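Undergrad: fold the following.
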Amino acid sequence: MIILASQVFGQHPTLQLFTSSLYLAALFASLAAGEVTKKFGRRISMMMAGFIFLFGAALNAGAVHLSMLILGRILLGIGIGFANQSVPLYLSEMSPYNYRGRFNICFQLMITIGILCANLINFGTAKISGGWGWRLSLGLAGVPAVIILIASFFLSDTPNSMVQRGREIEAKALLKRIRGVDDVDTEFNDMLAAKNEADLVESPWRNLFGTKCYRPQLAMSILIPFFQQFTGINVIMFYAPVLFQSLGFGSDASLISSVITGVVNMFATGVSIYGSDRWGRRSLFLEGGVQMFIFQSLIAGLIGWRFGVSGNVTDIPFWFAAVVVVCICVYVMGFAWSWGPLGWLYPSEIFPLEVRSAAQSVTVAVNMAFTFIVGQCFLTMLCSMKYGLFIFFAFFVAVMTLFCYFFMPETKNIPIEEMTQVWRSHWFWKRFMNEPNDPVNKAIAMNKLRDRV
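TA: Numbering: from 1, shown residues only. Predicted coordinates:
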């Protein structure tokens, strides 16, 4: 495995930089997207994401120099930064609270379908003679960009965003239309109360990082995307061809195997769509964490037992390769119905309106930063740690599962503008929620003063 990985990627550091440049671009773009999403709405951010991503795909498909490929890749990253910042917020705000999980996880389902389609396209275009198949492969990335760009012209903005920007009458009319009922006073009053609290916040970024009452949300916006990348999923999904080929498969079988993991990923995400609003986010986080830990440890044990530290991959029996593939697929299942979709759902639904855009930008930025780090360090760690790399990630899976058990409150079936109460009743986080500068406490004090008058 080690020898083959070095042969495939070790002599091409530019390839790693090309791949990882997308994530750095997405990191910085997500920070800018936070301001755009707050001032102009979620819909405009999605429109910008589609346009920039489409331009990047076209640049990559028509590239005649490496610099054009890298620039196109950077534009793709900017598009991803805007999309990842705005789409989860849009889905969480538009969805009824009792269906918020399944609607939001459809975002991750589309990502898994995209991964599967990309694997199939790469498999097909690799067989095109004439050396132009790679252009078709890169150019077809513009298809989802066209979809999101066209769709954004027909979508309305979220009622929450409209209220935040002072368009209360339009927001209430829209809320009636998307809920299908005329009596939306309770939900709309929650939005107005959230806006009143947001008006007390002058700088969302300064308050997010400097005000004690936002520590629970800030901790989640940093730790959840950090843990999501340190599940080790990118080691499996980004380098699946190397992993499977080093286990004795041919080059075509390697791509077929990555398609197999893509199919598993897609269908397992459906389990999360079904269960997130029934069983809860926390239970799926915990079950998925235990499952990933067990099977990642098994993968480490099998590879360590068979190959040791030599990296010699000759004479691999079929049964051994089959067992490793099964372990990888079960591991992918655990990720696909827990940390994969819920890593985007959970942060998007816990932030109060006044810091929601800024906090979602932090979530995306941290996610992209550690995706970049993992992508850059994978080969070096693989060559030095060998099968111990899987033990390394299994350790983080154990840590994040314990974190969920002790510090993650359940958020299912709770209206998004009432989520503050989750932290106020949690055994640990409630200690941060009684600060006088808390906008909620300020709003309560002002209401009491009004009642006296």
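Undergrad: following element in sequence after whichever strand or helix holds Arg102, please.
TA: Here Arg102 sits within helix 100-125, counting by DSSP states H and E. Remark: after helix 100-125, the chain's next helix or strand is helix 133-139, criterion DSSP H and E.
Undergrad: so which residue is smack in the middle of this protein?
TA: Nearest to the geometric centre of the chain sits Trp344, at 4.5 Å (CA atoms, centre = their mean).
Undergrad: what about the closest residue to Met433 other than its chain neighbours, neighbour count?
TA: With sequence-adjacent residues excluded and distances taken as CB to CB, 6 or more residues apart in numbering, Met433 is closest to Arg424, at 4.7 Å. Bear in mind the C-beta positions are built from the backbone N, C-alpha and C, glycine included. Other residues near Arg424 number 15, with proximity taken as other CB atoms under 10 Å.
Undergrad: surely Arg424 is in contact with Glu418?
TA: No: Arg424 lies out of contact with Glu418 (CB atoms under 8 Å); the separation is 10.6 Å.
Undergrad: can you pull out the low-pLDDT segments for this structure?
TA: The model of the chain has pLDDT under 70 over residues 1-18, 237-254, 308-316, 435-453.
Undergrad: show me where it has strands.
TA: Per DSSP state E, the chain carries no strands over any range.
Undergrad: measure Leu31 to Val366 for me?
TA: From Leu31 across to Val366, the span is 11 Å (CB to CB, to the nearest Å).
Undergrad: who has more neighbours, the two?
TA: Set Leu31 next to Val366 and count neighbours by other CB under 10 Å: Val366 wins out with 21 against 16.
Undergrad: setting aside sequence neighbours, what's the nearest residue to that one?
TA: Using CB to CB, 6+ apart, the nearest residue to Val366 is Pro225, at 4.3 Å.
Undergrad: can you pull the contacts of Arg215?
TA: Arg215 makes contact with 429, 432, according to CB atoms under 8 Å, 6 or more residues apart in numbering.
Undergrad: where's it relative to Phe428, distance?
TA: The gap separating Arg215 from Phe428 is 10 Å, by CB to CB.
Undergrad: of all the residues in stretch 272-291, which ones are buried?
TA: The neighbour-count check on stretch 272-291 (16 or more other CB atoms under 10 Å) flags 272-273, 275-277, 279-289, 291 as buried.
Undergrad: from the residues you listed, which land in helices?
TA: Judged by DSSP state H, the subset of these located in helices is 272-273, 275, 281-289, 291.
Undergrad: of these, just say which sits nearest to Leu27.
TA: Lowest distance from Leu27 to these (CB to CB) belongs to Phe285, with 24.5 Å.
Undergrad: wait, doesn't that closest one sit right on Cys404?
TA: Yes: Phe285 is in contact with Cys404 according to CB under 8 Å; the separation is 4.4 Å.
Undergrad: mind listing the shared neighbours of the two?
TA: Counting by CB under 8 Å, 6+ apart, Phe285 and Cys404 have no common neighbour.
Undergrad: let me see the contact set for the nearest residue to Asp190 once chain neighbours are set aside.
TA: Spatial nearest neighbour of Asp190, chain neighbours left out: Glu417 (3.9 Å); criterion: CB to CB, 6+ apart. By CB under 8 Å, 6+ apart, Glu417 lies in contact with 160, 187, 190-191, 193-194, 352-353.
Undergrad: what about Glu417, distance to Gly81?
TA: According to CB to CB, Glu417 and Gly81 sit 26 Å apart.
Undergrad: ok, now Leu24?
TA: Distance, Leu24 to Gly81, by CB to CB: 10 Å.
Undergrad: between these two, which one's more packed in?
TA: Comparing Leu24 with Gly81 by other CB under 10 Å, the one with more neighbours is Gly81, at 30 against 19.
Undergrad: that one - nearest residue in space that isn't next to it in sequence?
TA: The shortest distance from Gly81 to any non-neighbouring residue, by CB to CB, 6+ apart, is to Ala29 (2.9 Å).
Undergrad: quick check, that neighbour in contact with Gly77.
TA: Yes: using CB under 8 Å, Ala29 is in contact with Gly77, at 6.5 Å.
Undergrad: between those two, who's got more neighbours?
TA: A direct count of neighbours by other CB under 10 Å for Ala29 and Gly77 places Ala29 higher, at 29 against 26.
Undergrad: what sits against the more buried one?
TA: 77-82 are the contacts of Ala29 under CB under 8 Å, 6+ apart.
Undergrad: any chance of these in JSON lines, with distance to Thr112 too?
TA: Listed next are the contacts of Ala29 as JSON lines, based on distance: CB to CB, whole Å:
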{"residue": "Gly77", "distance to Thr112": "20"}
{"residue": "Ile78", "distance to Thr112": "23"}
{"residue": "Gly79", "distance to Thr112": "19"}
{"residue": "Ile80", "distance to Thr112": "15"}
{"residue": "Gly81", "distance to Thr112": "20"}
{"residue": "Phe82", "distance to Thr112": "21"}
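Undergrad: out of these, which one sits closest to Thr19?
TA: If you rank those by distance to Thr19 using CB to CB, Gly77 comes first, at 10.7 Å.
Undergrad: tell me, how many residues neighbour the residue lying closest to the closest one once chain neighbours are set aside?
TA: In this structure, Gly77 finds its nearest non-sequential neighbour in Ala25, 2.8 Å apart by CB to CB, 6+ apart. By the criterion of other CB under 10 Å, Ala25 has 25 neighbours.
Undergrad: test my guess that Ala25 contacts Ile70.
TA: No: counting by CB under 8 Å, Ala25 stays clear of Ile70, with 10.0 Å between them.
Undergrad: would you check how far apart the nearest residue to Lys127 once chain neighbours are set aside and Leu76 are?
TA: Distances taken as CB to CB, 6+ apart place Gly133 nearest to Lys127, at 7.3 Å, with adjacent residues excluded. For Gly133, the distance to Leu76 equals 19 Å [CB to CB].
Undergrad: those two: who's more crowded?
TA: Per other CB under 10 Å, whichever of Gly133 and Leu76 has more neighbours is Leu76, with 26 against 16.
Undergrad: who's in contact with that one?
TA: Contacts of Leu76 were listed using CB under 8 Å, 6+ apart, and they are 22, 25, 53, 56-57, 60, 141.
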